[in-house]
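K.L.:
dropping the sequence and predicted coords here.
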Amino acid sequence: MVRFIAVFVVVLIGLFGLEMIKPVHELVIEPFAGWLAWVSAAIIIPFDDSILAYGKVLQHGNSGFAVSIESGCNGVEATIVLVAAVIAFPAPWLYRLTAIVLGALAIQFLNIIRIISLFYLGQWDIDMFSWVHLYLWPVLIMLDVLFVFIIYLRFLSSNDAELELET
């Protein structure tokens, strides 16, 4: 347990530090936020063709309401927590890499739902938008991280049981 916590904290600090380096933020994080805005717009446009996506902004052409996908709202931090937990837990590297890729996809899938829901909630009720944005969605995203990690641990434990039966 001590090893898990130590590795988790070191990887977490390292990845958060890397994310905060200006060139990484400008060359990786900002374009990723722009991609999230573009994907969100692509999902909405078949139902509402007045949607605009530019940079990391998703805007409604008629109402003018817009959301900007900033750090802390792009799912990167949640993914970093998952990556640190997966790397800290002893397992074959192929399992770890698979968990990281599938987990990141699960986090971003939920994050896109989050972005779209906040986009429409903000047009309907800005006070509710603020509460959901600041309190509800951060908890749901971190619960997603926990859920993905628990599934990963269950996979590892069932895989260990299968390996023991084969030997």
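P.N.:
Sure thing, it's come through. Fair warning: this is a prediction, and the values are worked out from it, not measured in the lab.
K.L.:
now find how far off-centre the lengthiest helix in the chain is within its chain.
P.N.:
Counting by DSSP state H, the longest helix found in the chain is helix 93-124. Centroid separation for helix 93-124 versus its chain: 5 Å, with C-alpha atoms, centre = their mean, to the nearest Å.
K.L.:
and the following helix or strand past it, what's buried?
P.N.:
Following helix 93-124 in sequence order, the next helix or strand is helix 126-131 (DSSP states H and E). Residues of helix 126-131 classed as buried by neighbour count (16 or more other C-beta atoms under 10 Å): residue 129. All C-beta atoms are positioned from the backbone trio N, CA, C, and that covers glycine.
K.L.:
kindly report the same for stretch 55-64.
P.N.:
56, 58, 59, 60.
K.L.:
any idea how far residue 94 is from residue 22?
P.N.:
The spacing between residue 22 and residue 94, counted by C-beta to C-beta, to the nearest Å, is 34 Å.
K.L.:
ok, the buried residues of stretch 55-64 vs residue 98, which is closest?
P.N.:
Nearest to residue 98 among the buried residues of stretch 55-64: residue 56, at 29.2 Å, using C-beta to C-beta.
K.L.:
in the strand or helix carrying residue 142, what counts as buried?
P.N.:
For residue 142, the enclosing helix or strand under DSSP H and E is helix 137-166. For helix 137-166, the neighbour count (16+ other C-beta under 10 Å) marks 137, 138, 141, 144, 145, 148, 149, 152, 156 as buried.
K.L.:
kindly reformat those residues as TSV containing pLDDT and distance to residue 13.
P.N.:
Formatted as TSV, these follow (pLDDT from 0 to 100; distance: C-beta to C-beta, whole Å):
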residue	pLDDT	distance to residue 13
137	95	25
138	94	20
141	96	20
144	96	22
145	97	17
148	97	21
149	97	19
152	96	22
156	93	25
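K.L.:
thanks again, I'm all set now.
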